[in-house]
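**Student:** mind looking at a prediction? Sequence and model below.
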Protein chains: 2
Amino acid sequence: MHPYAPRWNRHETMALSRSRAPRQVRPARPPEKGITLQATKAAQTRGRLLDATIRCLVKFGYANTTTPRVAEEAGLSRGAMMHHFENGMALLQATIVELHEKRLRAFRRAAENPEHEVTDLVDTYWKQLQKPAFIAFHELAVAARTDAELARILGPLQDEFRSKFNAQAEQLFPEWLEEPAHFHLAMGLSQTILEGMAISLHTGGLEQASVSPMLRHLEVQIRALMPQRKV
Amino acid sequence: MHPYAPRWNRHETMALSRSRAPRQVRPARPPEKGITLQATKAAQTRGRLLDATIRCLVKFGYANTTTPRVAEEAGLSRGAMMHHFENGMALLQATIVELHEKRLRAFRRAAENPEHEVTDLVDTYWKQLQKPAFIAFHELAVAARTDAELARILGPLQDEFRSKFNAQAEQLFPEWLEEPAHFHLAMGLSQTILEGMAISLHTGGLEQASVSPMLRHLEVQIRALMPQRKV
DNA sequence: AAAAAGACAATCATCCATGTCTTTTTTGCT
DNA sequence: AGCAAAAAAGACATGGATGATTGTCTTTTT
């Protein structure tokens, strides 16, 4: 139990910002109209803040990811940070979107690999899950269970990810649609086993030694669920 | 940080030094001479506090499980609560132990069922994972990733659970030890898939519809990994 | 009956995170 | 150069959570 419970989404952000008129100065996103003005340095700073947030989520967990800590991690003052994001929730929302896009990008990159071997795909997704992005994402997902504000942001993105995950697989193995039940089972198994292993590894519920056999077993299962290559 | 030293003797007394000065050192543990003293009411209150803590973990998550909230949930004053547990961490530790024992009890009860069908065991553990105890446990496990204090308490219990989990299975299917690799794989699969599904369900990463097929698939896999009944 | 111990309640001082506001330092540009 | 806006830093007020202290009432124990 922690000495304090920091959560920067206590207030309805919309309601607050709405009440003050002259506050609309900051554009929601850097002015793309003025082509490449040097102020795109701001975008760089924003990026540093997002990275710092992810790093904090990994290092300290969601509950201890506070605005002062993120600022320090980014090497900025808290004032500077509040200049780029009017409140903690805005920063968090931006981080979530960034995280989501990171996940999608990495996943797509994996699919572009000409080798469509099941082994490669499993390995690739597994490697993804080892990276900080997934840990951070899970921290957020757990927090969202009891945080309506977070859930509202995270929920749609999770649906989209699952959807794109499946779409990618369909595209790679179009003949799999002949057996949709098997297809969905394979997708569910893959996600559950791989993500479950990743989480259990970090939360101390699984031994490292068990990982490799399970990976291989999963590959075998997936192949068994695929439509067999006609002879 | 928290040197919870008994400072009963440390403080010079204040105005109400009505009684004699010599403060005898209080025995480390209250005299339990009278086996059934009415003060077992205290145990009852302690129990209520532990239950309230679990309920708070489920409802509000670890980060928002604060001492005032637990007290309110238990229908007690915060002062009363601090009387039974000197600080929040002590309460939490007691709750963790309670949670752990709950898990073990339920698991053992399942194993006592004379039917040792794989289906029953999988279903039983799955039902376990749906109960509040597991949600609370997972909240703690996630928090422990970034909280050394929690990890110190939780880590050993997790190891013990996994160990007893396996021991139980060994006892039920002694012939399985002929193939230890298969045995460990089956154990890992079971825990990872079932727990992974439970977590994903709560964190919005999985659809309810996928659960049942995966349960059935898991059962098939486990049977395939068991030493085949000799014909 | 007196005394000790226990259960419970109420209040205090402190800490830290948050959002807002104000001031200083860089800049980009005329 | 100079100047206004952006970027950065700092200061402030609020509020929740924590642990500690003190006080009251009840139940044992002697």
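**Tutor:** Right, received. Where do you want to start?
**Student:** which stretches of chain A aren't confidently modelled?
**Tutor:** A:3, A:5-7, A:9-39, A:229-231 (pLDDT under 70).
**Student:** run the last query once more with 80
**Tutor:** Along chain A, segments meeting pLDDT under 80 span A:1-42, A:110-111, A:113-116, A:205, A:228-231.
**Student:** where's the residue of it found nearest DNA strand D, which helix or strand?
**Tutor:** Using CB to the nearest atom of the strand, the closest approach of chain A to DNA strand D is made by A:Gly79 at 2.0 Å. All C-beta spots, glycine's among them, are computed from the backbone N, C-alpha and C. Per DSSP states H and E: A:Gly79 is located in helix A:78-84.
**Student:** now do the buried residues in that helix.
**Tutor:** Neighbour-count burial for helix A:78-84 flags A:81-82, A:84 (criterion: 16 or more other CB atoms under 10 Å in any protein chain shown).
**Student:** my guess is A:Pro217 contacts B:Ala186, does it?
**Tutor:** Small correction: residue A:217 is His, not Pro. No - in this structure A:His217 lies outside contact range of B:Ala186 using CB atoms under 8 Å: 9.6 Å.
**Student:** shared neighbours of these two, which are they?
**Tutor:** Both A:His217 and B:Ala186 are contacted by B:Gln221, under the criterion CB atoms under 8 Å, 6 or more residues apart in numbering or on different chains.
**Student:** how many neighbours does the residue lying closest to A:Ala141 once chain neighbours are set aside have?
**Tutor:** Leaving aside its chain neighbours, A:Ala141 sits nearest to B:Thr203 (3.9 Å; criterion: CB to CB, 6 or more residues apart in numbering or on different chains). B:Thr203 has 22 neighbours, counted by other CB atoms under 10 Å in any protein chain shown.
**Student:** go on, the one 10 residues further on?
**Tutor:** Taking other CB under 10 Å as the neighbour definition, B:Pro213 ends up with a count of 15.
**Student:** which residues touch it?
**Tutor:** A:181, A:184-185, A:188.
**Student:** now with 7 Å, please.
**Tutor:** If you count contacts by CB atoms under 7 Å, 6 or more residues apart in numbering or on different chains, B:Pro213 has them with A:Leu185.
**Student:** just read off the phi/psi values of the residue nearest to A:Ala141.
**Tutor:** Phi and psi for B:Thr203, reported as degrees, to the nearest 10, are phi -100, psi 10.
**Student:** if I look at A:Ala167, how far off is A:Arg109?
**Tutor:** Distance, A:Ala167 to A:Arg109, using CB to CB, to the nearest Å: 15 Å.
**Student:** find the closest residue to chain B in chain A.
**Tutor:** A:Gly196 (2.3 Å; CB to the nearest CB).
**Student:** which SSE is that residue in?
**Tutor:** Per DSSP H and E, A:Gly196 falls inside helix A:180-202.
**Student:** alpha carbons only: can I get that helix in CSV?
**Tutor:** Output in CSV follows, covering the C-alpha atoms of helix A:180-202 (Å, rounded to 0.1, in the frame of the first residue of the first chain):
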residue,chain,number,x,y,z
PRO,A,180,-13.3,-19.8,-39.3
ALA,A,181,-13.7,-21.7,-36.0
HIS,A,182,-10.2,-23.0,-36.2
PHE,A,183,-8.9,-19.6,-37.3
HIS,A,184,-10.4,-17.8,-34.3
LEU,A,185,-9.2,-20.5,-32.0
ALA,A,186,-5.7,-20.2,-33.3
MET,A,187,-5.8,-16.4,-32.9
GLY,A,188,-7.1,-16.6,-29.4
LEU,A,189,-4.6,-19.2,-28.4
SER,A,190,-1.7,-17.2,-29.8
GLN,A,191,-2.7,-14.0,-28.1
THR,A,192,-3.6,-15.6,-24.8
ILE,A,193,-0.6,-17.9,-24.5
LEU,A,194,2.0,-15.3,-25.6
GLU,A,195,0.6,-12.4,-23.7
GLY,A,196,-0.1,-14.6,-20.7
MET,A,197,3.5,-15.8,-20.7
ALA,A,198,4.8,-12.3,-21.0
ILE,A,199,2.7,-11.1,-18.1
SER,A,200,3.5,-14.1,-16.0
LEU,A,201,7.2,-13.6,-16.6
HIS,A,202,7.0,-10.1,-15.3
